[in-house]
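In: Attaching a predicted model along with its sequence, questions to come.
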Amino acid sequence: MTKLQALFGGTFDPIHYGHLKPVEILANQIGLSRIIIMPNNVPPHRPQPEATSDQRKHMVELAIADKPLFVLDERELRRDMPSYTAQTLQEWRQEEGAEAPLAFIIGQDSLLTFPTWHQYETILENAHLIVTRRPGYPMTMQQPEHQQWLDDRLTLRSEDLHEQPAGKIFLAETPWFDISATIIRERLQNGESCDEMMPAPVLEYIMQQGLYR
Ligand SMILES: Nc1ncnc2c1ncn2[C@@H]1O[C@H](COP(=O)(O)OP(=O)(O)OP(=O)(O)O)[C@@H](O)[C@H]1O
Ligand SMILES: O=C(O)c1ccc[n+]([C@@H]2O[C@H](COP(=O)([O-])O)[C@@H](O)[C@H]2O)c1
């Protein structure tokens, strides 16, 4: 069994197949026995979500109920301050010890904004970064110095993620899923179907709660 642990943070307003499917495929590709899903309470770089933290947590629980690959981490939900990943990963590293291989999973769009994140350079001191593909976003950074930063840390060997505790960036070859929470919220507001975009129990909960109308 692999020792590499991977944390997948997000706002999940709501959780959808664009979150779940790439990381399920990733787990098979690189050998992850567990993915820790971590919804935030106060997202650092965007407006407050439409659904409450309790509702978003409940939707994650419904989405992963029949998937033993996933577990929920509530640490950022308990925080009233913005959920800075640098701080979360520092805490996680202290809990897991210096040698444990740890990774943070993001989509391709998040990689592009990564250099604007709070203390972004320190994030790689505590974890690897695993990037899943997302349609509509370039794989190169806008600023040459950020591309250099990326190139210096890139690895093509997924074994590095298992063998080293932190510091590498791995661009995973996951398929594209053209789904976003924004599109789902818009479609639901217009009364359009989202059946193919998320697990049925999540959609049923959205309807029952009258969310995103
Ligand atoms: N379709 C997708 N493919 C790959 N990664 C995704 C996809 N949708 C979201 N992600 C990634 O999942 C993480 C959490 O995303 P988030 O909860 O913001 O979802 P979102 O669909 O981008 O939401 P919104 O449309 O509200 O901005 C981010 O790292 C994001 O890049
Ligand atoms: O730490 C930061 O500055 C930071 C800035 C933007 C996003 N993040 C984290 O990245 C993850 C995906 O963010 P989002 O907004 O796409 O849901 C989530 O765990 C956020 O807390 C973190």
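Out: Great, that's in hand. Ligands and ions are numbered 1, 2, ... in the order given.
In: all helices for the protein, in order.
Out: 17-30, 53-64, 85-96, 108-113, 120-126, 144-153, 159-163, 181-189, 200-209 (DSSP state H).
In: Between those, which one is closest to ligand 1.
Out: helix 17-30 (2.5 Å; Cβ to the nearest ligand atom). Any C-beta I mention is one placed from the backbone N, CA and C, and that applies to glycine too.
In: Now do that closest one against helix 53-64, angle only.
Out: In terms of direction (axes from the mean of the first three to the mean of the last three Cα atoms, to 10 degrees), helix 17-30 departs from helix 53-64 by 50 degrees.
In: who does helix 17-30 touch, helix- and strand-wise?
Out: strand 5-10, strand 102-107, strand 128-132 (3 or more Cβ pairs under 8 Å, 6 or more residues apart in numbering; DSSP states H and E).
In: Against residue 125, how distant is residue 32?
Out: Note on residue 32: its distance to residue 125, by Cβ to Cβ, to the nearest Å, is 21 Å.
In: Between these two, which is the more surrounded one?
Out: residue 32 (22 against 14; other Cβ atoms under 10 Å).
In: Isn't the more buried one up against residue 3?
Out: No: in this structure, residue 32 is not within contact of residue 3 by Cβ atoms under 8 Å, at 10.2 Å.
In: Tell me how far the closest residue to residue 73 other than its chain neighbours lies from residue 178.
Out: Spatial nearest neighbour of residue 73, chain neighbours left out: residue 38 (4.2 Å); criterion: Cβ to Cβ, 6 or more residues apart in numbering. For residue 38, the distance to residue 178 equals 24 Å [Cβ to Cβ].
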